[in-house]
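Colleague: I'll drop the sequence and a predicted model, then ask my questions.
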Amino acid sequence: MSLGAAEEDSAQEIHLPADIDWEMLDKSKFFFLGAALFSGVSATLYPVVVLKTRQQIAQSQVSSIKTAISIVRHEGFRALYRGFGTSLMGTIPARALYMTALEVTKSNVGTATVRLGYPEPTAAAIANAAAGLSAAMAAQLVWTPIDVVSQRLMVQGGDVGCPGPGSEKSKALNASSSCKYQGGIDAFRKILNTDGPRGLYRGFGISILTYAPSNAVWWASYSVSQRLIWSGIGCYFCKKDGAIGENGVSTFRPDSKTVMAVQGVSAAMAGGVSALITMPLDTIKTRLQVLDGEENGRRGPTIGQTVRNLVREGGWMACYRGLGPRWASMSMSATTMITTYEFLKRLSAKNQEALTS
């Protein structure tokens, strides 16, 4: 793939490694290696997700560091991985759905937009946005029930402890899921018995509203960010190390480390922006999935009740509780995910020799 850096004005070209589309992948290797690699990524980032979830259901603003210290001190280090087994069981099929929808949509939409006459940068941004949207919607079919169960396990114990019935702390927590479940299977069974299948899909609508636009924004931003970085930093490399070709055009072929670095920085930028934009929706979604509603008896709280409770507790800024961990989580996750994902695609390519040519 060739990327012209400020094409008309600078007569410089950056030759990037060829893109790998859906048809070039060995599917069995892609899914097997993907499950292993992304399980490792999930294990690394899981404690940050636990901190984010605890902060989102807290009645007052507490820093991430204090939350982490409190969890480790009162519950032990293992509490940072509470619900991880359940999350991992859902991550594997959800990631498989996500990657399939992503690559199929990106390939088809990319081809269609180019045929319609769109410039390649615009076509790439549209294809990435559409791919992110469809991938998020497909993955949520599996991820929402797993999210509900794992988040309820995450918030058990801690500073909230096991408040007795009628206690101040119990009322303040709206009867949250503290100390109810013995594990993922027990939580799944109790939620199903109490609320039926709808209980496992609590927050599904707002999950789609949160993750579908977030993924569309992320993938489009990632595509644009890469081009901006290559157009800026790439020009510097062209001037410093570029070779002049036969037609007088300065060319630069970045090595794999440079490509990976640009991908990582682009992913972190896109992840940070997505986290900031969708944070209020994510806070509302988490509360819907974790807390039980006193106002509705056994039914969960509505979106309106959840928003009113948040505003009453800390104003509109309460919707941004956990922004620090979520920003860090999404930026780190995006960086590790995209570098792992691109590495996975290269490992899974049917024709390895074609990639080096």
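Modeller: Thanks, I have it.

Colleague: For the stretch 1-150 of the chain, which segments are assigned as strands?
Modeller: Under the criterion DSSP state E, counting those that start in this stretch, the stretch 1-150 of the chain carries strands at the ranges 2-4, 12-15.

Colleague: rank those strands by pLDDT, which is bottom?
Modeller: Mean pLDDT is lowest for strand 2-4 among the strands of the stretch 1-150 of the chain, at a mean of 49.

Colleague: Show the residue spans covered by the helices in the protein.
Modeller: 7-10, 27-57, 64-75, 84-115, 120-154, 168-172, 184-195, 197-200, 204-241, 256-290, 303-314, 323-347, 352-356 (DSSP state H).

Colleague: can you redo these as CSV with distance to I20 and mean pLDDT?
Modeller: Any C-beta I mention is one placed from the backbone N, CA and C, and that applies to glycine too. Below are the helices of the chain laid out as CSV (distance: least, Cβ to Cβ, whole Å; pLDDT from 0 to 100):
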stretch, distance to I20, mean pLDDT
helix 7-10, 24, 43
helix 27-57, 10, 83
helix 64-75, 37, 88
helix 84-115, 9, 87
helix 120-154, 14, 88
helix 168-172, 52, 41
helix 184-195, 35, 87
helix 197-200, 36, 87
helix 204-241, 15, 78
helix 256-290, 13, 83
helix 303-314, 41, 85
helix 323-347, 5, 81
helix 352-356, 7, 57
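
Colleague: so which of these comes closest to D21?
Modeller: helix 84-115 (4.7 Å; Cβ to Cβ).

Colleague: what angle separates the closest one from helix 120-154?
Modeller: 170 degrees (axes from the mean of the first three to the mean of the last three Cα atoms, to 10 degrees).

Colleague: what angle do helix 84-115 and helix 184-195 make?
Modeller: Going by the same axes, to 10 degrees, helix 84-115 makes 80 degrees with helix 184-195.

Colleague: Begin at 648, not 1, for the rest of this chat.
Modeller: Okay, residue one is now 648; in that scheme the one you just asked about reads as helix 731-762.

Colleague: In terms of secondary structure, what does helix 731-762 contact?
Modeller: Using 3 or more Cβ pairs under 8 Å, 6 or more residues apart in numbering; DSSP states H and E, the elements in contact with helix 731-762 are helix 674-704, helix 767-801, helix 831-842.

Colleague: 10 Å instead, please
Modeller: Using 3 or more Cβ pairs under 10 Å, 6 or more residues apart in numbering; DSSP states H and E as the contact test, the elements touching helix 731-762 are helix 674-704, helix 767-801, helix 831-842, helix 851-888, helix 970-994.

Colleague: Can you say which of these is packed in most?
Modeller: Ranked by mean neighbour count, those are led by helix 767-801 with a mean of 23 (mean count of other Cβ atoms under 10 Å).
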